[in-house]
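K.L.:
need a 3D model of the sequence below.
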Amino acid sequence: MAYPTTNHLTRNSGKARNVMLWTLQVLAGTALFAAGASGLAGAPPVVAMFQEIGLGQWFRYLAAILEIAGAIAMVVPRTAFHGAALLATVMFGALIAHVAVLGMMTAMPAFILLVLTGTIAHFRRARS
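P.N.:
This next block holds a predicted model:
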């Protein structure tokens, strides 16, 4: 008598994890795409924030382009890991900027997005 290599419970938990990851990817991707779009559009709060950071407005454009590219990559199955890893790196830099320059009170969104994108990257990395 042959037994299946995976049981019903393992299959269902893998499917549930995949659904949860896709949900997180879409939510985080939407938030980061919107943040990048507002940076490219020159929304006054974003311009002021980057002015306060002191690296110049070119850095706002760079961050916005990386956020948009990462958000798009994160919702494409083949590039989900790379998009999430890029966004986790960007969010780590954002967290440092918030803590060092802008103040701890503004750091929570960057921290939450860092945790989300890092988790997505972890679970979407290629399995050997």
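K.L.:
heading C-terminal from the longest helix along the chain, find the next helix or strand.
P.N.:
Taking DSSP state H as the criterion, the chain has its longest helix at helix 8-41. Counting by DSSP states H and E, the next helix or strand C-terminal to helix 8-41 is helix 44-53.
K.L.:
next, the buried residues of that following helix.
P.N.:
46, 49, 50, 53 (16 or more other C-beta atoms under 10 Å). From N, CA and C alone the C-beta is placed, and that goes for glycine too.
K.L.:
can you lay out these as TSV showing distance to residue 22 and pLDDT?
P.N.:
As requested, the buried residues of helix 44-53 are exported to TSV (distance: C-beta to C-beta, whole Å; pLDDT from 0 to 100):
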residue	distance to residue 22	pLDDT
46	28	93
49	30	91
50	32	92
53	33	90
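K.L.:
adding distance to residue 73, write those residues out as JSON lines.
P.N.:
Formatted as JSON lines, the buried residues of helix 44-53 follow (distance: C-beta to C-beta, whole Å):
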{"residue": "46", "distance to residue 73": "22"}
{"residue": "49", "distance to residue 73": "24"}
{"residue": "50", "distance to residue 73": "23"}
{"residue": "53", "distance to residue 73": "25"}
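K.L.:
which of these sit farthest apart?
P.N.:
Spatial extent of these (C-beta to C-beta) is set by the pair 46 and 53 at 10.7 Å.
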